[in-house]
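1. starting from these lines, generate the structure:
(chains A, B, C and D)
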2 protein chains.
Amino acid sequence: MSVTIRDVAKHANLSITTVSRALDGYADVAVSTRERVIALAKQMGYAPSSAARQMRRQRTDTIGFVISSLRRDDDSRPFADPFISEFVAGLGDEATHQNIDLLVSVASPNENETNIYRRWVLGRRVDGLIVNRLRERDPRIALLRENNMPFVASGRSDDITSYPFIEMDTQTGFSLITQHLAAQGCKRIAFIGARPDLRLQQDRYLGYLAGLQAAGLSPSPELVEVGDLTRQGGYQAGLRLLVKTPRPDAILGINDMTALGAMRAANDLGLQIGQDIAIAGFDDIDDAQHTQPALTTLRQPVYDIARQLVQMLLDLLRDPTQAPKQIMLQPELKVRASSKFLNPK
Amino acid sequence: MSVTIRDVAKHANLSITTVSRALDGYADVAVSTRERVIALAKQMGYAPSSAARQMRRQRTDTIGFVISSLRRDDDSRPFADPFISEFVAGLGDEATHQNIDLLVSVASPNENETNIYRRWVLGRRVDGLIVNRLRERDPRIALLRENNMPFVASGRSDDITSYPFIEMDTQTGFSLITQHLAAQGCKRIAFIGARPDLRLQQDRYLGYLAGLQAAGLSPSPELVEVGDLTRQGGYQAGLRLLVKTPRPDAILGINDMTALGAMRAANDLGLQIGQDIAIAGFDDIDDAQHTQPALTTLRQPVYDIARQLVQMLLDLLRDPTQAPKQIMLQPELKVRASSKFLNPK
DNA sequence: AAGCTAAACCAAAACGTTTTGGATGGGGGG
DNA sequence: CCCCCCATCCAAAACGTTTTGGTTTAGCTT
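-> Numbering: from 1, shown residues only, chains lettered A, B, ... in the order given. Here you go, the predicted model:
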């Protein structure tokens, strides 16, 4: 049906070998021949079949990323996760830039996630994978290791030997932002976290505790609530916190979406954010600077991280024996109006 | 290196034919054999090589989507486009659900976009494509047609015969929302549009004009500004509009991001939105209901559209001769606080 | 003139499946 | 006892490349 290298060879009165090598720019084909072949191929609309090429080369020139959606069934708004979309943008941009393809899949955490990984890994559908939001004793990592499929991670799991990753020093970051809140005069700083099996929950919570300690404040269990990284979860956790007496005078969200939800909760209860209560988040998503008041947060260069992850993965594919590059980045504190606190009692 | 069907056949003392047919559930292999093969394959960690399968079947079980980023170089925030991320989420979810893969690429409109399409189409990298944000006389459509690569579109181009699409009746929608603004008492309703070669600009602008006419208002060129579908573009166009005298008493954005930018502009100029000026958008992105005040807009079920597009594409792949399904959806008016107008002069 | 080298080309194998068109053997019907 | 049929299995071809290990020819050296 569509034009193959054989057709081009026939039209050029050459062997398919020569056509192949001409198009690939080998030196053992005459310049005149090469030019003729290239022109003919273009004119005939020939491009090598990716399947055949993959098969022969044992390489797909494709990397994969599985979005583990943590959406719950009752959530009417799937995937409204700016973190993920910025991450995917970075992956896509860099992949395109490096002339490889990006295969994407969306999985609910338990159901089909493993199936997708299994199919991609065993079927050699991709050359390597990007993995994020690692969990403790992550079964995905185990699968990838067993079948020695190259991968890089954003964030790390428990066993960090043997694979490259980029990680934000969220623990230090959360300590800093907690201290910033304390420096505004806040005494009862609440924290809205996430499921405890998420690695990021542990790091960030520890950072929060460290920040409290550094500021000379003592932690209190009733100032800690569990959300689910979404705005909705932040809203509900925020309401739960704000009806307590004495009321918290600051809320630190595990991510910006959670913080935005908490802002809305405070708003609904008639509180003036940046006056009656300070609120801060983590990520610095696009919205953070566009809320009223703008959200104090820790900037995480998600887009750049994603791009660099792709580069690291490609490096790894080129030389699988190299020592895994492991990078730790410091988040940058972005102080905005939401973390002011003007009414100490 | 990794386990092939030949290895499984050897271990099972069977031909590769029989193993293949056993795994595919053909009737001409004994039940006992099938079970034995399936168990063995699982135990050995066998899954068919996708490249070999693609090659033999002449089918990839993959669909593609190229994100045409309309980001400008000076924009520090790439891809912060909720519309696109929700769209990709829908595509990904449905593709996973239908057991096919989604190949994604990011392209700047002119540069490499055509290259990606060419590579995917000529190299039979995908079975079909999803195309959105069509342009007039869209070169992508021409390429796809020439190489008869199946595709479905969201929104339509000039020549709508022969391919399936889903389209919002944006023209009627913009007429309605313009009339809604007029019904609030607004007399000078401004419009922030986009590049005139975008199909959506034409439809929406015409709808705006129709709405003005229906409300008995006459259009004025100085009430129309050009943005670029981003918040930033909306902000700047908003500023340009709001310093004019007499000032517009309503701003209609071509999409929500534009409207959000305009809201920010109004805010910066000290105007009370929903009081001194009415503002409305189009899309109903997640943020629209979370701004202060919440944004009046027309709801476009992006996620559902994306899912349905995937289904339409798969239908087309199954039966390429069928008449193209072409669907027109009515957007739903979501009246919120931003479109109130309390200070008629 | 024979031998050698380099330039240009090519036949065939291999990648791992699926599918086509049988082959084989045992049991039942005549 | 022979034939046929059904159940079960399989050899080989094909999918479209890339790569290996050549061959051929012309020109140059001695």
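2. nearest residue to residue A:311 in space, please, no chain neighbours.
-> Once flanking residues are discounted, residue A:311 sits nearest to residue A:94: 6.7 Å by C-beta to C-beta, 6 or more residues apart in numbering or on different chains. C-beta: built from backbone N, CA, C; applies to glycine.
3. which helices and strands sit right next to the helix or strand hosting the one you found?
-> Using DSSP states H and E, residue A:94 maps to helix A:82-97. Using 3 or more C-beta pairs under 8 Å, 6 or more residues apart in numbering or on different chains; DSSP states H and E as the contact test, the elements touching helix A:82-97 are strand A:62-68, strand A:101-107, helix A:256-268, helix A:302-318, helix B:82-97, strand B:101-107.
4. just these: most buried one?
-> Comparing the helices and strands packed on helix A:82-97 by mean neighbour count (mean count of other C-beta atoms under 10 Å in any protein chain shown), helix A:256-268 ranks first with a mean of 26.
5. how far off centre is that one?
-> 23 Å (C-alpha atoms, centre = their mean, to the nearest Å).
6. quick one: name whatever helix or strand follows it.
-> strand A:278-280.
7. which elements pack onto the helix or strand following that next one?
-> With elements assigned by DSSP H and E, the helix or strand that comes after strand A:278-280 is strand A:297-299. Judged by 3+ C-beta pairs under 8 Å, 6+ apart, strand A:297-299 is in contact with helix A:170-183, strand A:332-334.
8. which among the ones you listed is found nearest to DNA strand D?
-> helix A:170-183 (43.0 Å; C-beta to the nearest atom of the strand).
9. what residues does chain A have near DNA strand C?
-> For chain A, the residues in contact with DNA strand C (C-beta under 7 Å from any atom of the strand) are A:13-18, A:21, A:28-31, A:33, A:52, A:55-56, A:58.
10. pLDDT (mean, whole number) over the helix holding residue A:94?
-> Taken as a whole, helix A:82-97 carries a mean pLDDT of 88.
11. can you pull the residues of chain A lying near DNA strand D?
-> By C-beta under 7 Å from any atom of the strand, the residues of chain A that approach DNA strand D are A:1-2, A:4-6, A:16-17, A:20-21, A:23-24, A:28, A:46, A:48-49, A:52-53, A:55-57.
12. mean pLDDT for the helices and strands packed on helix A:82-97: which is lowest?
-> helix B:82-97 (a mean of 88).
13. how is chain A partitioned into domains?
-> A:5-48, A:62-168+A:302-331, A:170-300+A:333-339 (automatic domain parsing).
14. and these, which is most packed in?
-> domain A:170-300+A:333-339 (a mean of 21).
15. now, which of the residues of chain A next to DNA strand C sits nearest chain B?
-> residue A:55 (4.2 Å; C-beta to the nearest C-beta).
16. check which helix or strand covers the residue nearest to the closest one when sequence neighbours are not counted.
-> Excluding the flanking residues, the one nearest residue A:55 by C-beta to C-beta, 6+ apart is residue B:51, at 4.2 Å. In the assignment (DSSP H and E), residue B:51 maps to helix B:50-57.
17. compute the inter-axis angle for that helix and strand B:62-68.
-> Here the directions of helix B:50-57 and strand B:62-68 differ by 110 degrees (axes from the mean of the first three to the mean of the last three C-alpha atoms, to 10 degrees).
18. contacts for helix B:50-57?
-> Residues outside helix B:50-57 that contact it (C-beta atoms under 8 Å, 6 or more residues apart in numbering or on different chains) are A:49-52, A:54-55, A:60, A:123-125, B:60-61.
19. please identify which pair of those residues lies farthest apart.
-> The span of these, defined through C-beta to C-beta, is set by A:49 and A:123 at 17.8 Å.
20. please name the nearest non-neighbouring residue to residue A:122.
-> Per C-beta to C-beta, 6+ apart, closest to residue A:122 is residue B:47, 3.3 Å.
21. cool, residue A:285 as well?
-> Per C-beta to C-beta, 6+ apart, closest to residue A:285 is residue A:82, 4.2 Å.
22. residues touching the closest residue to residue A:63 other than its chain neighbours, list them.
-> Nearest non-adjacent residue to residue A:63, counting by C-beta to C-beta, 6+ apart: residue A:128, 5.2 Å away. Applying C-beta under 8 Å, 6+ apart to residue A:128 gives the contacts A:63-64, A:149-152, A:313-314, A:316-317.
23. closest to residue A:302 out of those?
-> Taking those together and measuring to residue A:302 by C-beta to C-beta, the closest member is residue A:152, at 14.9 Å.
24. quick check on the closest one: phi, psi?
-> Note on residue A:152: backbone dihedrals following degrees, to the nearest 10 are phi -130, psi 160.
25. backbone dihedrals for the residue lying closest to residue A:150 once chain neighbours are set aside, please?
-> Spatial nearest neighbour of residue A:150, excluding adjacent residues (C-beta to C-beta, 6+ apart): residue A:128 at 4.0 Å. Reported as degrees, to the nearest 10, the phi and psi values for residue A:128 are phi -170, psi 170.
26. tell me how far residue A:128 lies from DNA strand C.
-> For residue A:128, the distance to DNA strand C equals 18 Å [C-beta to the nearest atom of the strand, to the nearest Å].
27. got it, and residue A:195?
-> Residue A:195 is 38 Å from DNA strand C, by C-beta to the nearest atom of the strand.
28. tell me the contacts of residue A:28?
-> If you count contacts by C-beta under 8 Å, 6+ apart, then residue A:28 has residue A:21 around it.
29. re the thing from before, make JSON lines out of the helices and strands packed on helix A:82-97 and add distance to residue B:68.
-> Compiled in JSON lines, the helices and strands packed on helix A:82-97 are given as follows (distance: least, C-beta to C-beta, whole Å):
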{"stretch": "strand A:62-68", "distance to residue B:68": "20"}
{"stretch": "strand A:101-107", "distance to residue B:68": "15"}
{"stretch": "helix A:256-268", "distance to residue B:68": "27"}
{"stretch": "helix A:302-318", "distance to residue B:68": "18"}
{"stretch": "helix B:82-97", "distance to residue B:68": "9"}
{"stretch": "strand B:101-107", "distance to residue B:68": "6"}
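30. now residue A:139: closest residue in space that isn't a chain neighbour?
-> Residue A:139's closest residue in space is residue A:114 (C-beta to C-beta, 6+ apart), at 6.6 Å.
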